[in-house]
Structure formats: structure tokens, C-alpha cells
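**Q** give me coordinates for this.
(one chain, ligands or ions: 1)
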Amino acid sequence: MPDQPIPSFYNDLAETRAQAWALLARGVADRRSPFHAPTVGSLGLDGRPRVRVVILRGCDAAAATVRFNTDRRTDKFAELASDPRVALTGYDSGSKIQIRIEGEASLHSDDAVADAAWEASRSFSRICYGTAPAPGVMLSDGGDFSLPAEDAEIAAGRANFSTVVIRARTLEWLYLAHAGHRRARFDLSANGQNVWLTP
Ligand SMILES: Cc1cc2nc3c(=O)[nH]c(=O)nc-3n(C[C@H](O)[C@H](O)[C@H](O)COP(=O)(O)O)c2cc1C
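**A** Residues are numbered from 1 along each chain as shown. Prediction:
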């Protein structure tokens with residue numbers, strides 16, 4: 001195996017934190033980035049943990065937020081409405097970096113944040129919000145659902161659309177390196193501590 005070059009962030013907490021946010025920003029912008037499709041965990045209405053893949057649609061390092069879109073009719077929407085505690089994890093097997101975020105979700109359906117997210121979405125993505133019956137409904141046949149075809153029907157899917165902003169409280173970093181793994185935790189509250197952890 002070729003030697004892994006030591007990146008400049010390796011032993012630098014501030015640079016590591018900046019690198020984490022840069023990777024998340026690339027996850028929003030680049031469909032080929034592994035951070036484009038992280039896993040989001042919520043608490044089921046029965047208290048059991050539930051995780052699923054979503055597409056990262058927004059990231060703001062200064063505000064310590066990340067964002068994804070979802071259908072208001074999904075279980076995750078009801079779960080996050082009931083308990084906003086949320087976790088998001090992504091892993092890049094190429095650079096061997098895992099990023100974990102824990103925080104609180106705010107659900108946006110009828111406000112300017114949701115309008116902007118809907119405007120930014122492509123028509124191909126918008127079609128999903130017109131699925132009938134609603135996501136998760138039991139079907140007698142696998143193909144027994146419909147997607148909107150007409151522009152007006154696609155536009156009507158806006159009623160089911162929401163965007164979820166995760167305000168990150170902590171961001172945890174794990175970098176697997178031949179020279180020795182590096183793990184760090186960033187408390188993203190004002191004056192929060194940045195610390196190394198045993199990997
Ligand atoms: C690559 C990929 C991307 C996905 N992106 C989203 C997404 O952005 N938002 C979403 O709600 N579901 C997305 N899903 C579907 C979810 O993983 C999940 O199956 C669905 O939303 C139902 O989850 P729930 O019942 O826990 O709400 C995606 C699935 C995959 C495989």
C-alpha cells in the first residue's frame with residue numbers, strides 16, 4: 001500500500017474543523033462526494049433509533065447548520081417533529097474520514113427557507129413530492145403508486161415538500177491514518193471547546 005501523505009490538518013484542530021466543513025460543503029456541491037449522501041438518525045415514535053440516507057442540500061459553517069429535503073408525509077418528518085434531536089453521519093472511504101454531527105432539527109414547510117429550497121430543487125427531484133399514495137403506505141403491488149406527470153401536478157407536490165435544517169451542536173471527526181488515527185470533537189456553541197479524543 002502506498003504511503004499516505006500526511007495532510008496539513010493532521011495534528012491541527014482548527015484546520016481539522018475547517019476541513020470537516022469544507023468536506024460537507026463539497027458534499028452539497030458535488031454529487032460524487034461521499035458526503036453528498038449521509039445517513040440521518042432520528043428517534044422513532046416508539047423510541048427506537050431509525051437511520052436512513054438523505055441528500056445533503058445545504059451547509060453553513062458559520063451558522064453550524066446542514067440541510068436536507070424531505071416529504072412531510074414521511075416517518076422521519078413526524079419523528080423529528082416529535083423529537084428534534086438528530087444525528088448525521090458520513091464517511092469518505094477514499095480519504096478515510098468520518099464526520100458525525102449531533103444537533104437539533106427544525107422543520108420548514110411553509111416559510112421562506114422552504115420556498116428557497118423548493119426553488120433550488122430540480123424538476124426531477126420535485127416529482128417525488130407528488131407520489132400517491134404517501135411514502136410508506138402499504139401497496140398490494142410494488143408498482144402500485146403514481147408520480148405526477150403534468151407541470152401543475154408536479155407544482156402541487158410543493159404541499160408535501162419540506163426542508164430540514166440541522167443545527168449542529170457537536171461535530172466529531174475521525175481520520176484513519178497509517179501514521180495514527182486522529183479523532184476530534186468540536187463543540188459548536190459559542191466559545192465551545194475543540195478537543196482531541198482517543199480514536
Ligand atoms: C441515495 C439516496 C438518497 C436519498 N435521499 C433522500 C432525501 O434527500 N430525503 C428523504 O427524505 N429521503 C431520501 N432517501 C430515502 C430515505 O433513505 C428513506 O428511504 C425514505 O425517506 C423513508 O424514510 P423514513 O420512513 O425514515 O422517513 C434517499 C435514499 C437514498 C438511497
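**Q** the host helix or strand of residue 171 pairs with which strands?
**A** Per DSSP states H and E: residue 171 is located in strand 161-175. According to DSSP bridges, strand 161-175 has the following sheet partners: strand 65-71 (antiparallel), strand 97-108 (antiparallel), strand 182-187 (antiparallel).
**Q** which one of those lies closest to residue 125?
**A** Ranking these by proximity to residue 125 (CB to CB) places strand 65-71 first, at 7.4 Å. Every residue, glycine included, has its C-beta placed from N, CA and C.
**Q** is the ligand contacted by the following helix or strand past the closest one?
**A** Sequence-wise, the next helix or strand downstream of strand 65-71 (DSSP H and E) is helix 75-82. Yes - judged by CB under 6 Å from any ligand atom, helix 75-82 comes into contact with the ligand at 75-76.
**Q** tell me if the helix or strand following helix 75-82 is near the ligand.
**A** Counting by DSSP H and E, the next helix or strand C-terminal to helix 75-82 is strand 85-92. No - using CB under 6 Å from any ligand atom, strand 85-92 stays clear of the ligand, coming no nearer than 11.6 Å.
**Q** which stretches of the chain aren't confidently modelled?
**A** Scanning the chain for pLDDT under 70 picks out 1-3.
**Q** residues in it within reach of the ligand, list them.
**A** Selection of the chain residues close to the ligand by CB under 6 Å from any ligand atom yields 37, 50, 52-55, 68-71, 74-76, 135-136.
**Q** swap in 8 Å and give it another go.
**A** When proximity is defined by CB under 8 Å from any ligand atom, the chain lies next to the ligand at 37, 42, 50, 52-55, 57, 68-71, 74-77, 79, 135-136.
**Q** mind checking which residue lies nearest the centre of the chain?
**A** Nearest to the geometric centre of the chain sits residue 56, at 4.6 Å (CA atoms, centre = their mean).
**Q** check contacts around that residue.
**A** Residues near residue 56 by CB atoms under 8 Å, 6 or more residues apart in numbering: 24, 27-28, 35-38, 66-68, 90.
**Q** and residue 70, by the same measure?
**A** Residue 70 touches 54, 76-77, 162-164, counting by CB under 8 Å, 6+ apart.
**Q** distance to residue 84 added to those residues, as TSV?
**A** Listed next are those as TSV, based on distance: CB to CB, whole Å:
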residue	distance to residue 84
54	16
76	12
77	11
162	13
163	14
164	9
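**Q** who wins on neighbours among these?
**A** Counting neighbours by other CB atoms under 10 Å, residue 164 comes out on top of those with 27 neighbours.
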